[in-house]
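[1] here you go, sequence then predicted model.
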Amino acid sequence: MSAPLIIDAHADTLYRRAGWPGQPCDLSLDRLRTGGVALQVLALFVGDSPDKDRREAHLQRMLAELEMLKREGWTQVDDPFDLRPGHPRLMLSIEGCEYLEDGLHTIAPFRQMGVRMAGLTWNYENRLATPAAINQTDGLKPYGLEAARELQRQGIALDVSHLNIPGFYDVLNRTNAPPVASHSNCRALCDHPRNLDDAQLKALFMAGGWVGINFFPVFLAPAGQRCDLDTVVNHIDHMHQLGGAGHVGFGSDFDGISAKPEGLDNPGDFPALLRALARRGYSPADLEAIAGGSFLRYYERITPSARHETRIKKPAPSLDLAGTG
């Protein structure tokens, strides 16, 4: 069968390259091509310190690495539909909106550089919201709600992956478009604060949102349990049982995680994951949606006036989905 378009909604390659120059990364153009990845979202990560000066310095290093990737042959797109299978594209997100704390005027420059998704927090409380790592009591702050609506107005999807539960529902119920959880899993299968519970997942799917499955074993399986391709499929299964068909895809967290599931070490292993899904009974139409189609249809829902379908070029080359990987 011909390969579906694969889209990965979250990787920390810019942060890794900026923080550990010269060290090997999970992502490379060759691995993206091998895996059939048509679009890779790369995060501008707020960093591992709440110090503003350190944060700004690291942002500049990440932007320098972005330019280096372009010189190495990577192609950035502003529109997720501007794809050419066999030629991986990158799109930008923000992970942690500390970058936007100084006022709404700070949003436009990020939109102009191609940011199309923004996580309101990482693991620090900021002027916008409180993450799950801090507490489960505080919702969006007044400026956070204002900034969230402005981000949406400028065509930037809201990412709830690190938000606490009250913040999640504030985004869902008090803003103007459904959000994404770019790299989150099922709390029913792995009880971690970073995962979404069944009520959150049902509400997100009913609203028209989208979830990218995170490949970090800590979020996939309880400590001490085996984590492999089937573990990832289990989370996709559970989401589908909650109404997630057409609303679930991939958010690997490559280059931001210290361990991976067995058989899923880098983007070159995406075909093995698709084969695992096929063995579980997922149809070609299901695979198309999970691989990337559901992500594109999410962006159609939040930008309905655009004629996106004409932007994707020719069909993807065939990948071996019938193999044994």
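    Yes, it's here.

[2] residues near the closest residue in space to Pro88 that isn't next to it in sequence, how many?
    Spatially, and ignoring its direct neighbours in sequence, Pro88 is nearest to Leu32 (4.0 Å; CB to CB, 6 or more residues apart in numbering). (C-beta placed from N, C-alpha, C; glycine too.) For Leu32, the neighbour count with other CB atoms under 10 Å is 25.

[3] dump the helix or strand hosting Leu32 to CSV, restricted to CA.
    With elements delineated by DSSP states H and E, Leu32 resides in helix 29-35, which encompasses its position. As requested, C-alpha coordinates have been extracted for helix 29-35 and formatted as CSV (Å, rounded to 0.1, in the frame of the first residue of the first chain):
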residue,chain,number,x,y,z
LEU,A,29,16.8,14.5,7.4
ASP,A,30,17.7,11.0,6.4
ARG,A,31,15.8,9.5,9.3
LEU,A,32,12.7,11.6,8.6
ARG,A,33,12.8,10.5,4.9
THR,A,34,13.3,6.8,5.9
GLY,A,35,10.3,7.1,8.3
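
[4] give the buried residues for it.
    Burial within helix 29-35, assessed by neighbour count using 16 or more other CB atoms under 10 Å, is assigned to 29, 31-35.

[5] quick one: contacts for the residue nearest to Pro88?
    Applying CB atoms under 8 Å, 6 or more residues apart in numbering, we find Leu32 in contact with 40, 88, 267.

[6] pLDDT, neighbour count and distance to Lys141 added to the residues you listed, as JSON lines?
    Supplementary listing: the contacts of Leu32 in JSON lines, determined by pLDDT from 0 to 100; neighbours: other CB atoms under 10 Å; distance: CB to CB, whole Å:
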{"residue": "Gln40", "pLDDT": "98", "neighbour count": "24", "distance to Lys141": "32"}
{"residue": "Pro88", "pLDDT": "97", "neighbour count": "26", "distance to Lys141": "37"}
{"residue": "Pro267", "pLDDT": "98", "neighbour count": "26", "distance to Lys141": "36"}
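
[7] what about the helices in this protein?
    Counting by DSSP state H, one finds helices in the chain at the ranges 13-19, 29-35, 52-71, 107-112, 142-153, 165-174, 198-207, 217-220, 229-241, 270-279, 284-288, 294-302.

[8] out of those, nearest to Gln136?
    Between Gln136 and those, the shortest gap by CB to CB is with helix 165-174, which sits at 5.2 Å.

[9] quick check: angle from that closest one to helix 198-207?
    Following axes from the mean of the first three to the mean of the last three CA atoms, to 10 degrees, one obtains 20 degrees for the angle between helix 165-174 and helix 198-207.

[10] which elements pack onto helix 165-174?
    Taking 3 or more CB pairs under 8 Å, 6 or more residues apart in numbering; DSSP states H and E as contact, the helices and strands that helix 165-174 lies on are helix 142-153, helix 198-207.

[11] could you pull out the buried residues of the last one?
    When neighbours are counted by 16+ other CB under 10 Å, the buried residues of helix 198-207 are found to be 200-201, 203-205.

[12] same check on the longest one?
    Neighbour-count burial for helix 142-153 flags 143-145, 147-152 (criterion: 16+ other CB under 10 Å).

[13] avg pLDDT for that helix?
    Looking at helix 142-153 alone, the average pLDDT works out to 98.

[14] now it and helix 294-302, what's the angle there?
    Using the same axes, to 10 degrees, helix 142-153 lies at 100 degrees relative to helix 294-302.

[15] how far does helix 142-153 sit from its chain's centre?
    Between the centre of helix 142-153 and the centre of its host chain there is 20 Å, according to CA atoms, centre = their mean, to the nearest Å.
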